[in-house]
Structure formats: structure tokens, C-alpha cells
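[1] I'd like to go over a predicted model; first the sequence, then the structure.
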Amino acid sequence: MATPFTSVLKANVIDPLEALLKAEFKGIPVHHDPEFKRRGNFFIRLIPFADELEVQTTEDQLRNYAILLRMYRLTKGRFSKRNNFEQLINFSDRIKRLVNNNSNYKPSSTYKWNDGVISSINYDPNLDDEEVGYQVADLTFNCNVLI
């Protein structure tokens with residue numbers, strides 16, 4: 001008999017995080033592509049990269065999940081601090097505030113995660129050849145889920 005399970009990462013972290021981002025940034029696509037694909041002028045990729053056991057008890061577990069939010073903004077023409085870098089910082093700050101406002105996330109009283117935080121932002125990540133031409137910021141989202 002197969003062991004029944006629910007994908008906690010998808011149901012409690014990726015799907016709710018995607019919904020929050022889409023509600024806040026209407027019209028900005030959010031994707032789960034494992035490899036980079038050109039998706040327009042501005043888009044976000046969700047890349048899960050960690051699932052760590054924090055606490056094990058006889059009845060449940062507290063797990064820490066980490067998701068990389070890779071934000072892409074196509075930059076054409078002449079670079080300007082005001083038009084390029086400041087906009088990327090502003091979007092990053094909005095995401096930090098959004099996550100902070102939903103750090104213990106229970107939409108419609110349905111538990112999803114607690115202790116959600118953007119723990120770091122890298123405004124100068126290493127890029128693959130296909131990503132050149134985009135201005136990119138990497139935001140690390142961490143949260144705990146009791147399962």
C-alpha cells in the first residue's frame with residue numbers, strides 16, 4: 001500500500017507565495033522554471049533550494065524551507081540609476097514588506113507557514129549567458145512549516 005502524502009513544499013510554500021506575489025504585483029508573471037526561459041520584460045522565478053528539518057517530535061516535524069525569488073527586469077538602452085537600479089530596489093523592498101506583513105501566513109484560517117522572511121537580497125548575482133541583458137536580483141525567502 002502506498003504511503004499517502006501531500007507535497008508540503010508546493011501546498012504550503014510555493015503555491016501560497018506565488019498567490020501573494022501575483023496579488024501584489026498584478027500583471028507580473030511568476031514561474032517555476034528550473035532553467036531560465038525568457039518570459040518578457042519583467043518576471044519572477046521561484047526556485048526551491050532547501051528543505052531542512054528543524055525539530056523532530058514523535059508526532060510532528062518543524063521544517064525550514066528556502067525559496068530563491070529571482071527577479072528579472074529587461075534593461076534596454078542606456079543604463080540609468082533612477083530608471084534601472086532604483087526600480088529593482090523598490091520592487092525588492094515591496095516584496096520584503098509583503099512577506100513581513102504575512103510572516104505567519106494563514107489565508108482563510110488555513111495554516112500555510114510561520115516565520116516567513118526575506119533573509120537576504122543579492123543585487124549582483126552570477127548570471128548564465130541567457131540571462132545577460134536582464135537586471136537580476138535574488139531574494140531568499142525562508143519559512144517554517146509545522147507538519
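    Good, I have the coordinates. Numbering: from 1, shown residues only.

[2] what's the separation between A66 and V30?
    17 Å (Cβ to Cβ, to the nearest Å). C-beta coordinates here come from the backbone N, C-alpha and C atoms, glycine included.

[3] excluding chain neighbours, what is closest to E130?
    F36 (5.1 Å; Cβ to Cβ, 6 or more residues apart in numbering).

[4] ok, the one you found - contacts?
    45, 128, 130-131 (Cβ atoms under 8 Å, 6 or more residues apart in numbering).

[5] hmm, 6 Å instead?
    The neighbours of F36, taking Cβ atoms under 6 Å, 6 or more residues apart in numbering as the test, are 128, 130-131.

[6] show me where this protein has strands.
    30-31, 42-56, 61-74, 114-122, 134-146 (DSSP state E).

[7] so, low pLDDT: which residues of this protein?
    77-83 (pLDDT under 70).

[8] name the residues that touch stretch 117-137?
    Contacts of stretch 117-137 (Cβ under 6 Å, 6+ apart): 36, 71-75, 84, 88, 92, 96, 99, 138-142.

[9] show me which of these are buried.
    36, 71-73, 75, 88, 92, 99, 138-142 (16 or more other Cβ atoms under 10 Å).

[10] out of those, which is nearest to F25?
    Nearest to F25 among the buried ones among the contacts of stretch 117-137 is M71, at 9.8 Å by Cβ to Cβ.

[11] now the closest one: how far from T140?
    12 Å.

[12] repeat for W113
    For W113 relative to T140 (Cβ to Cβ), the value is 15 Å.

[13] same question for T110.
    25 Å.
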